[in-house]
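>>> okay, predicted coordinates and the sequence, questions at the end:
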Amino acid sequence: MKNPRRRFLSLAGAAAGLVAVAGCAKDAPQDTWQPAGPNAEMIDNLQRPVFLVAGIVGVIVFAAVAWVVFRYRDRGQAIPEQTHGKPAVEITLTVIPVLILIGVAIPTASTIFDLAKTDDTQMVINVTGQQWWWEYDYPAIGDNAAKYGLSQPIVTSGQLVIPENTKVLLRVTSRDVIHSYWIPKLNGKKDGVPGRVHLLRLEGSKPGIYAGQCTEFCGLSHSYMRMETIVLKRADFDAWVANQLAPYEAPAEGTLAKEGEALYIQQCSRCHQVNGLADAEGNLIVSAPEQYVVSGAAPNLTNLMTRNTFAGASWDLLTQECRDVVWKASADEFGAKYLAGVSADCLNQKDLREWLRNAPEKKPMYVDPTKLQETGGKYRGMPALGLTEDQIDALVAYLLERK
Amino acid sequence: MAIIERPSTEIAVAGGATVGVKPSEALGVFKRPGASNSWRDWIVTVDHKKLGIMYGVAAFVFFIIGGIEALLIRLQLMGPDGKVLSADQYNQMFTMHATTMVFLFVMPMVSAFANYFIPLQIGARDVAFPRINAFGFWCWLFGGIFLNTSWFLGGAADGGWFMYAPNSSTLFSPSHGIDFWVLGLQITGIASLTGAINLIVTVLNMRAPGMKLMRMPIFTWMALVVQFLLLFAMPVITVALFLLSFQREFDATFFDVAAGADPLLWQHLFWIFGHPEVYILILPSFGIVSEVIPVFSKKPLFGYPIVAMSGAAIGFVGWGVWAHHMFASGLGPVSVAVFSMATMAIAVPTGVKIVNWIMTMWGGKLQFTTAMLFAIGLVVQFTIGGLSGVTHSVAPSDTQQTDTYYIVAHFHYVLFGGAIFGLFAGFYYWWPKMFRKQLNEGLGKVNFWLMVVGMNMTFGPMHILGLQGQPRRMGVWTEARAGEGFFNIGFWNMIASIGSFILAVGVLMFIINIVYTHKSKRVPIAPLDPWDARSLEWMTSSPPAEHNFDAIPTVNHLDEFFHRKYAEDPNSHEIKQVASAEEVLADLNSRPDEHIHMPSRSYWPILVALALPIICYGLIYNRLLMAVGAAFLLLTMFGWAMEPSTASDDDFDPPAPGEGGGHTKELAPLG
Amino acid sequence: MADTAVAHHTTTGLSNNKLGMWLFLGSECLLFGGLISTYMLYRGRTNTGPQPDQIYDIPFTSVSSFVLLMSSLTMVLAVSAANRKDDRNTNLWLTVTAILGATFVGGQVYEFTAFYREGLGFTTSLFGSSFYTLTGFHGVHVTVGIIMLMALVGMVRRNRIPGSKAETVELVGLYWHFVDIIWIVIFTLVYLIPS
């Protein structure tokens, strides 16, 4: 029987190999081993030695099994002594893991408390999950207003924009079921629980775009609840804030976009807010998603084209080439590329049009009016609007100017 | 000796009974069933061995169902933007896969082994409450079937097996799937609770003379710990399920955030049950492996008392670690630190077991039978799962890994590589005991290696997927987040999917092996003691007669059977065989017990159990049906209560002359 | 158990039935533990409907609690009569216990009705849901106990379980005392400690 022995050696080798390969795999956007900020680094500094120790212990155990299997296989030897145990061996082999675990426990405890620190916070952002997208609300309070130019609150979704090397405190909650906010390269995850506010610290030390996903199962379209966090240099961040707070610019009369504005007011503004949008009489239009949607919210589209993903960050607003330009930009160039937003040439027409044509077909949602008794007729998600292709043209033209 | 004897009944018996059947004293609805060899005997049986086999067969059917669900999941995730299942179907699929594997496969398969072997291993003739034992089995079976009928009645549960509130309320899951899930688990829970009480009483009260606790086979020990875990864990999930069903069926507000409810209540209740549940799933397999390794090493279990006590310690500490499932839930840092430390602490008794298994093999005379291979497979694969478990106990690291495929990899190494490999070791080891034939060793090895390769190919890459950031419970993954290079998320998903089909072929080999073993004329009857085993269950005929032992042995040692076969030469200190298994058995049976009383068959357990799904269908669809079910329940319970726990002696045919001696016994009933 | 017809030999010396009952009651502790925890977690979180201190009628509930407590005493008398093989007194005390239990359940029904009239429905608030669930579960346990007591009375009268009669009475007694003790805990935590 040489098979078992070979098996254990190869298993041990395979395990070591897997770990090595895992380290080699390149550029997975949600890789948990490539920290890009101090919080994730703290975790990384803890998990690397722990994984190493676990790996070593594993190899020792496999080697012991392999040795035993090889050495003591039945070669016709006599029946062995019926020994029931050796206390010295047992105590030693109990004490060793205890010592190893104490060695792991001490840095673990200190890291837990370090990660929970909030007293040196520099910026506060409210992060709210709902089926199936994230809303970010930058309150115009404290340091936000005093130091970061947030004279007015900013409400956005999908992509969270934060300044570089800034200790940002997320106040995570939810409007419906439990979600979990997770940007692996910046920190571990934290659940957004309705009725509770949980604190999560993010800090990015390098400008760039950091992908994440909702990681608490949140119903039908859980797979389509993604998000990104954008880290910008301070100057770029200031420019971003200024743009977000800039007044509304209505499309020029007679353009396709102007037609789109009318259509937007008629079709979209019930749920989706565009700040500053006014009707023909000049009255500001305030959306009322609470009347139509279970969660009571819909993404604010005021600056849709400054973000480069939509629908819970599930699809890109940029074509593949333009997307690569942003995602692969160097840290120095990233800010400018990101702030350029979505131009007409770069717009990913296909996914956006499919979305406007029939959203629930693209992203599963509960919008069948015959099945909404439990919700009193409110949708969970966005229904198909039954737009014609001409209407979609007009809406796309209008949305393109929302930047 | 008369451990299980009951006083014979003083109830007057209606005369003129035909052989095997006599009129029932109560109600007059049913004749009390007698012994027969037809399928009816399985319906009315209270024999722990028959119930064990039924548990096993039914659980294996559910294993196949859960496996097909798993294959569909892997098909969906084989490539990006999978289209095999819709989002809704995918959510149902992973919910039911987990539910099926946990509640309808591993737990009842453990019940199968525990039912069959605990009485044999402790030298008892049956369990303490045979009718309740039968009732438990039927509850579990009907609950499982009820749960699975949801597939055909508007869709199965779609909230994940952890069923977090408030996603489980009707607002967010309007189909009846979760209603079926809640009520189905409530029914199967009855089986766990009654089974726990039954087996604990059996182990504590019905051991053979001299069978001290510290002489019990280690499988019985681990099963005993598990029954205590069930005894205290089931009521907690029962409360949680009641709260959820009251919320869904009667509009209670327990998880209604608008009314001020805290969704974390469900999480705490669920995991206070759910973490002991993990040990409920794995400890019996530890027990099986602790039987198999000594037998095929020709050595006693190294550090038997430590293995037994570490099992108890795991059971105990297992209550203090539930919140490690909630490190991202927003507990404060103090709670997180405490649960983190407690979780590390539980690694110690678990590690002790691995050390003891290796030390058992150390210096042994190892025979690599299929059962032994599966046992060694558990040792290795569980070590991987255990070590990845230690990495989770490091809470900050866990906030990166929780809800990713790294966790999926971890618990499949523990539950598939551990628990299920242990169960397969049990299948191969105990098959000749239960069915008189040894499963084919050649096919067995093919089965083993396919399962090893399939298992590691399926779940090994999931470590990488998780660390590269693929979350679990996702119906689709996207190319955009898959990373670049050849070994990206797409590659590993493909490997995992291919592995899952190899694993399925491995399980298929097991089925082929069963068919071959029992259909082929060339497979001989197995010898009495094919493995040169050590414990009491082998000290009787295979399969054992209904009364298990013609003579209950007196136990003087741990590994009593071994010590009756072997002795140490006082001069050379060599271990020498002094008697064959047949001689040991003949010696034991030379003084058969008289007046063996066995329990009576009964229709009532299956009928009472049948009332429960009727009530539950009624609760979901029609309150009138519910009333009918409730009336049926009351009637059948009355019938049960009025049926004397013991029927009279002439209810039974004399047993057919058995393998082990052919003494005709008076088989009188027990309650 | 010296006086039972045949002493059953068990390893622990406890009969299977008694050991089983103890285990069952151990499990029940966790059931009520879960329900009580739910109530305690949600106390003070109710924002709609009547608050506990507005509707509890402590004197009334104290009286019915006292009634239930007294039933434990009569249960003890029933068990001791059964041990003496005194069928007449066994039946007497079992009946009295059942009547006291029924009085308690009646009081609970009255209390529920009164609360409902004051606006506390099962779905009104967290308080309503958790209060009715907890006390309702306890009420069902008492009711099951009453049914068992009545069944015992019937069985003793028909002399159906002569051999192990005393033990059967004792088993029901164990259950009954358990349900009483649980009520003391509930009464203290739910009614007496102000939220």
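That came through, no problem.
>>> how about the secondary structure of the residue lying farthest from the centre of chain B?
Distance from the C-alpha centroid of chain B peaks at residue B:571, with 46.0 Å (CA atoms, centre = their mean). Here residue B:571 is recorded as coil under DSSP: H, G, I helix; E, B strand; the rest coil.
>>> so what pLDDT did it get?
Listed pLDDT for residue B:571 reads 86.
>>> separation between it and chain A?
In this view, residue B:571 and chain A are 15 Å apart by CB to the nearest CB, to the nearest Å. Backbone N, C-alpha and C define where each C-beta goes, glycine included.
>>> give me phi/psi at that residue?
When read as degrees, to the nearest 10, the backbone of residue B:571 gives phi -90, psi -60.
>>> where does chain C have low pLDDT?
C:1-8, C:159-165, C:195 (pLDDT under 70).
>>> and with 90 instead?
For chain C, applying pLDDT under 90 flags the ranges C:1-14, C:43-49, C:52-54, C:82-88, C:151-152, C:154-168, C:193-195.
>>> chain B too?
Short version for chain B, where the test is pLDDT under 90: B:1-41, B:480, B:483-486, B:521-522, B:568-575, B:593-601, B:638-671.
>>> at 70 instead, please
Those would be B:1-32, B:34-37, B:645-671, if you go by pLDDT under 70 across chain B.
>>> all the strands of it, residue numbers only.
B:22-23, B:31-32, B:566-568, B:575-577, B:596-597, B:667-668 (DSSP state E).
>>> contacting residues around the fourth one?
Meaning strand B:575-577. The contact list for strand B:575-577, computed with CB atoms under 8 Å, 6 or more residues apart in numbering or on different chains, reads A:78, A:79, A:80, A:81, A:82, B:565, B:566, B:567, B:568, B:569.
>>> neighbour-wise, which one of those residues leads?
residue B:565 (22 neighbours; other CB atoms under 10 Å in any protein chain shown).
>>> that one against residue B:578, yeah?
Yes: counting by CB atoms under 8 Å, residue B:565 does reach residue B:578; the two are 6.8 Å apart.
>>> about what we covered before: do you know how far the residue farthest from the centre of chain B is from chain C?
Distance from residue B:571 to chain C, by CB to the nearest CB: 38 Å.
>>> same thing with residue A:367?
28 Å.
>>> how far off centre is stretch B:516-527?
Distance of stretch B:516-527 from the chain centroid (CA atoms, centre = their mean, to the nearest Å) equals 27 Å.
>>> could you dump it to PDB, C-alpha only?
Taking Å, rounded to 0.1, in the frame of the first residue of the first chain, the C-alpha atoms of stretch B:516-527 are listed here in PDB:
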ATOM      1  CA  TYR B 516     -23.100  -5.100  -6.400                       C
ATOM      2  CA  THR B 517     -22.700  -6.400  -2.900                       C
ATOM      3  CA  HIS B 518     -26.300  -7.400  -2.500                       C
ATOM      4  CA  LYS B 519     -27.100  -8.500  -6.000                       C
ATOM      5  CA  SER B 520     -24.000 -10.400  -7.000                       C
ATOM      6  CA  LYS B 521     -24.100 -14.100  -6.100                       C
ATOM      7  CA  ARG B 522     -20.400 -14.100  -5.800                       C
ATOM      8  CA  VAL B 523     -20.300 -12.000  -2.600                       C
ATOM      9  CA  PRO B 524     -20.200 -14.400   0.300                       C
ATOM     10  CA  ILE B 525     -21.800 -14.000   3.700                       C
ATOM     11  CA  ALA B 526     -19.500 -12.000   5.900                       C
ATOM     12  CA  PRO B 527     -17.700 -13.800   8.700                       C
END
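>>> circling back to that earlier point, of all the contacts of strand B:575-577, which two lie farthest apart?
Farthest apart among the contacts of strand B:575-577 by CB to CB are A:81 and B:565. That separation is 16.3 Å.
>>> hey, which helix is longest across chain C?
Criterion DSSP state H: the longest helix present in chain C is helix C:126-158.
>>> does chain A sit close to it?
No: applying CB under 8 Å from any CB of the partner chain, one finds helix C:126-158 separated from chain A by no less than 11.6 Å.
>>> other SSEs contacting whatever helix or strand comes next after that helix?
Following helix C:126-158 in sequence order, the next helix or strand is helix C:165-186 (DSSP states H and E). In terms of contacts (3 or more CB pairs under 8 Å, 6 or more residues apart in numbering or on different chains; DSSP states H and E), helix C:165-186 is packed against helix C:16-42, helix C:58-83, helix C:87-117, helix C:126-158.
>>> and these as TSV, adding mean neighbour count and distance to chain B?
Formatted as TSV, the helices and strands packed on helix C:165-186 follow (neighbours: other CB atoms under 10 Å in any protein chain shown; distance: least, CB to the nearest CB, whole Å):
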stretch	mean neighbour count	distance to chain B
helix C:16-42	20	3
helix C:58-83	18	17
helix C:87-117	18	14
helix C:126-158	20	4
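>>> no further questions, thank you.
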